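Novice: structure here, sequence nowhere to be found:
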């Protein structure tokens with residue numbers, strides 16, 4: 001990765017539009033993830049199942065920051 005002090009290169013990246021619908025999807029994703037984590041911690045689902053559900057949650061709710069989430 002190259003480090004640059006030229007701000008013009010960074011300005012070419014369009015800002016993401018934040019909408020009410022997008023915020024709702026983020027909220028629903030977070031709730032689904034909390035439920036999934038709770039099920040795993042209670043021993044009701046395996047680690048493999050947790051991973052599959054997490055991937056499905058990411059696809060279903062499409063959180064704004066999904067590119068940053070490692071699955």
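Specialist: Arrived safely, thanks for sending. These figures come from a predicted structure and were not determined experimentally.
Novice: for residue 18, give me phi and psi.
Specialist: phi -100, psi 120 (degrees, to the nearest 10).
Novice: distance check, it against residue 47.
Specialist: 33 Å (Cβ to Cβ, to the nearest Å). Every residue, glycine included, has its C-beta placed from N, CA and C.
Novice: likewise for residue 38?
Specialist: In terms of Cβ to Cβ, residue 38 sits 14 Å off from residue 47.
Novice: those two: who's more crowded?
Specialist: A side-by-side neighbour count of residue 38 and residue 47, using other Cβ atoms under 10 Å, places residue 38 first with 11 against 7.
Novice: check contacts around the more buried one.
Specialist: Counting by Cβ atoms under 8 Å, 6 or more residues apart in numbering, residue 38 touches no other residue.
Novice: what is the subsequent helix or strand relative to the helix or strand where it lies?
Specialist: Element membership for residue 38, per DSSP states H and E: helix 20-41. Using DSSP H and E, the helix or strand that directly follows helix 20-41 along the chain is helix 47-61.
Novice: name the residues of that following helix that are buried.
Specialist: 50, 53, 54, 57, 58, 61 (16 or more other Cβ atoms under 10 Å).
Novice: between those residues, which is nearest residue 24?
Specialist: Proximity of the buried residues of helix 47-61 to residue 24 (Cβ to Cβ) peaks at residue 61, which lies at 9.1 Å.
Novice: lowest average confidence, helix or strand, in this protein?
Specialist: helix 7-11 (a mean of 62; mean pLDDT, DSSP states H and E).
Novice: read off the pLDDT value for residue 51.
Specialist: Per-residue pLDDT puts residue 51 at 95.
Novice: from residue 37, how far off is it?
Specialist: 12 Å.
Novice: residues shared between the contacts of those two?
Specialist: With Cβ under 8 Å, 6+ apart, residue 51 and residue 37 have no common neighbours.
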